[in-house]
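In: mind looking at a prediction? Sequence and model below.
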Amino acid sequence: MAERITTGYKRLFEVRILHHYWLDEGQTNFDNLPESERNKKLLDNKSDRLISISPTPKTQQLLNGIGAVAKQTGLGLVVSVPETQIIPDDSVFVFTIEIKDSSFFNYTSLTLLERKITECLSPGENKIYRYKVNVPVFSNLTGVSRGTGATKQLFLSREIPGITATDQVEALIISGNALLQLTGSQPGAATQQLNASALAMPVFHHQQDAPVINPPPGLIGAPPRGIELTHEINDNVFAIIEITAVKAGDADYSCTSGGIAKEGYPVFQIRFKNRSLIWKYLHKNTGSPVSESPAPLPLTYTGNAGSKQKPSEGMVKADFENNNPANRIVRIFTEIFE
């Protein structure tokens with residue numbers, strides 16, 4: 001009889017990509033729903049209908065070299081390795097996220113930020129550097145957590161910042177202890193409070209998840225935030241996931257212990273916030289204004305944040321200062337015909 005060799009696999013890490021358009025129930029945040037309802041929504045979660053996740057060529061080589069398997073799931077991404085495989089502490093797994101469903105941009109907060117590609121010539125090197133603006137990098141080395149003990153959640157977004165002079169509409173900020181969102185662009189942007197305690201809310205994807213770009217000396221025209229595009233990264237990239245095997249001094253955010261995948265593997269989270277808009281009602285026959293919500297209301301697939309007909313995931317419109325599209329955005333809205 002031939003000898004049979006069986007190799008067991010263990011999860012190295014999981015990344016859950018959760019979108020609150022699909023998870024929230026009207027104005028009720030997903031995290032505040034009853035556990036049974038949260039579990040049902042997670043079972044129904046199909047992030048793979050919205051996005052595609054792919055390892056970079058270098059990461060695919062790393063996966064092949066250690067016999068690992070990376071699989072996109074309805075919840076996000078799972079990476080598994082042979083249970084006895086030694087993994088160097090500095091191993092880095094990089095994945096790109098691309099958008100499959102264009103409607104994602106209609107109901108997702110912060111998608112009004114430009115994501116143009118900029119090419120910059122470095123005269124000293126006779127080389128062109130290519131950058132894509134406002135591409136977030138979700139990393140276990142820079143992510144922050146919420147909660148403690150059994151309730152601790154490991155987010156891959158950085159800590160949400162305070163307000164800056166350049167923040168645009170939909171930017172998330174922490175002011176005092178509260179989590180706020182800008183309803184217009186700076187300067188003089190109005191805000192809405194999402195929660196009096198930022199620590200009681202998820203760490204949503206926000207404007208400073210896009211890293212600061214440090215161009216080579218002498219390079220002119222590089223954008224302030226985003227990523228450099230290389231042969232490893234497609235122009236269509238929307239975001240990058242970057243997981244390092246060990247985060248020094250932080251066992252929770254590390255994937256291995258003593259070079260071996262941990263029994264209690266980390267489950268990281270990326271949260272996309274659903275868009276909030278003024279709901280503007282128009283007469284279905286004449287198109288004349290009827291009424292509008294006094295404050296921005298969130299778009300959700302289930303539930304209704306308002307007391308009247310809710311909008312579809314449709315197009316977003318903006319009011320500009322002095323009605324000039326060259327000026328700052330005062331507010332964003334959606335139209336509902338009734």
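Out: Thanks, I have it. These numbers were taken from a predicted model, which means no experiment stands behind them.
In: can you check the pLDDT for the nearest residue to residue 310 once chain neighbours are set aside?
Out: Spatial nearest neighbour of residue 310, chain neighbours left out: residue 304 (4.5 Å); criterion: C-beta to C-beta, 6 or more residues apart in numbering. For the C-beta atoms, the positions are set from N, CA and C on the backbone; glycine is no exception. You'll see residue 304 listed with a pLDDT of 95.
In: same deal with the one 5 residues further on?
Out: At residue 309 the predicted local confidence, pLDDT, stands at 93.
In: again, but for the one 5 residues further on
Out: For residue 314, the model assigns a pLDDT of 73.
In: in a strand, it, correct?
Out: No. Under DSSP: H, G, I helix; E, B strand; the rest coil, residue 314 sits outside any strand and is assigned coil.
In: those helices in the protein, which residues are they?
Out: For the chain, the helices defined by DSSP state H cover 20-23, 35-44, 57-65, 104-107.
In: and those helices, which is most packed in?
Out: Highest mean neighbour count of these: helix 20-23, a mean of 22 (counted as mean count of other C-beta atoms under 10 Å).
In: gap between that helix and the chain center?
Out: For helix 20-23, the separation from the chain centroid amounts to 13 Å (computed by C-alpha atoms, centre = their mean, to the nearest Å).
In: extract the C-alpha trace of that helix and format it as CSV.
Out: Output of helix 20-23 as CSV, limited to C-alpha atoms (Å, rounded to 0.1, in the frame of the first residue of the first chain):
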residue,chain,number,x,y,z
HIS,A,20,-22.8,49.6,5.9
TYR,A,21,-25.1,50.2,2.9
TRP,A,22,-25.9,46.5,3.0
LEU,A,23,-25.5,46.1,6.8
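In: what residues does it touch?
Out: Contact with helix 20-23 is made by 29-30, 41, 45, 107-108, 204, 271-275, 298-301, 313, as judged by C-beta atoms under 8 Å, 6 or more residues apart in numbering.
In: does residue 67 touch residue 81 like I think?
Out: Yes. The pair residue 67 / residue 81 is scored as a contact, 6.8 Å apart, by C-beta atoms under 8 Å.
In: quick one, which of these two is more surrounded?
Out: Neighbours per residue (other C-beta atoms under 10 Å) separate residue 67 from residue 81, with residue 81 holding more: 24 against 12.
In: who's in contact with the residue nearest to residue 47 when sequence neighbours are not counted?
Out: Spatially, and ignoring its direct neighbours in sequence, residue 47 is nearest to residue 17 (4.5 Å; C-beta to C-beta, 6+ apart). Counting by C-beta under 8 Å, 6+ apart, residue 17 touches 47, 51, 53, 75, 76, 77, 97, 269, 270, 272.
In: wait, which of these is closest to residue 173?
Out: Nearest to residue 173 among those, counting by C-beta to C-beta, is residue 272 at 17.4 Å.
In: excluding its backbone neighbours, what's nearest that closest one?
Out: Of all residues beyond its chain neighbours, the one nearest residue 272 is residue 19 (4.4 Å), with distances taken as C-beta to C-beta, 6+ apart.
In: cool, and residue 280?
Out: That would be residue 292: by C-beta to C-beta, 6+ apart, it lies 4.4 Å from residue 280.
In: so who does that neighbour touch?
Out: Neighbour list for residue 292: 278, 279, 280, 281, 333 [criterion: C-beta under 8 Å, 6+ apart].
In: do I have it right that residue 177 meets residue 195?
Out: No. At 9.2 Å, residue 177 does not count as touching residue 195 under the criterion of C-beta under 8 Å.
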